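Participant: here is the input, now give the coordinates:
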Amino acid sequence: MAEDLAQSSDGLDVKIILVLILVILVVLLAPFAYRFDVGPGPDSIEAVIWHYIESPWFTGFRFQDPFRYFPYIFVRLLFSLQFLRYLQGKSSRKVTLLVAAYSELHVALLSLPVYISWYFSLGVFSAPDGDPFLPIFLPIPLLFLVSLFLMLIVRGRK
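Facilitator: Numbering: from 1, shown residues only. Predicted coordinates for the structure are as follows:
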């Protein structure tokens, strides 16, 4: 009977569910990037559902629309599915670590053309005042580090 309680009906055990919940919480709550504002605005630390701003007119945390930076974070959301595949033994550690690394680099890769355009004053991604339309992010690899730590603790079945 205790084994029945430890496993759900679809074959996921409690350990996998708890680790997956932890990964999803890191995806949603941990900061994913430092946002450089090259215009008149302040820099900020960005997470999916909040950001931290330090400026003369406001300092502190603000909740934000989780879909605000969806093109930047959707790979991080897909990573939680890849991590589930790893925990179920359907994927290797190497592939999971590669997906984790790309999920962190994806933010920087999308910001790179904007940074190059701003740095060389090309104006491709900039408004007439010189402020870029898109944000420039420097990734914070917390998801990669947490997933690496969890992979060392909780071994996949494969």
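Participant: mind listing the strands in the chain by residue range?
Facilitator: Shown for the chain, the strands assigned by DSSP state E span residues 33-36, 44-46, 50-54, 59-63, 136-139.
Participant: mean pLDDT and distance to I73 added to these, as JSON lines?
Facilitator: C-beta: built from backbone N, CA, C; applies to glycine. Below are the strands of the chain laid out as JSON lines (pLDDT from 0 to 100; distance: least, C-beta to C-beta, whole Å):
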{"stretch": "strand 33-36", "mean pLDDT": "92", "distance to I73": "9"}
{"stretch": "strand 44-46", "mean pLDDT": "94", "distance to I73": "9"}
{"stretch": "strand 50-54", "mean pLDDT": "92", "distance to I73": "12"}
{"stretch": "strand 59-63", "mean pLDDT": "93", "distance to I73": "15"}
{"stretch": "strand 136-139", "mean pLDDT": "91", "distance to I73": "10"}
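Participant: okay, the ones you listed in JSON lines with distance to L20 next?
Facilitator: As requested, the strands of the chain are exported to JSON lines (distance: least, C-beta to C-beta, whole Å):
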{"stretch": "strand 33-36", "distance to L20": "23"}
{"stretch": "strand 44-46", "distance to L20": "23"}
{"stretch": "strand 50-54", "distance to L20": "22"}
{"stretch": "strand 59-63", "distance to L20": "24"}
{"stretch": "strand 136-139", "distance to L20": "22"}
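Participant: of all the ones you listed, which one comes closest to G89?
Facilitator: The minimum distance between G89 and the strands of the chain falls on strand 136-139, with 29.0 Å, by C-beta to C-beta.
Participant: for that closest one, the distance to its chain's centre please.
Facilitator: Between the centre of strand 136-139 and the centre of its chain there are 11 Å (C-alpha atoms, centre = their mean, to the nearest Å).
Participant: pull out the buried positions in stretch 113-120.
Facilitator: 114-115, 117-118 (16 or more other C-beta atoms under 10 Å).
Participant: brain fart, stretch 90-108
Facilitator: Buried, per 16+ other C-beta under 10 Å, within stretch 90-108: 91, 96-97, 99-104, 106-107.
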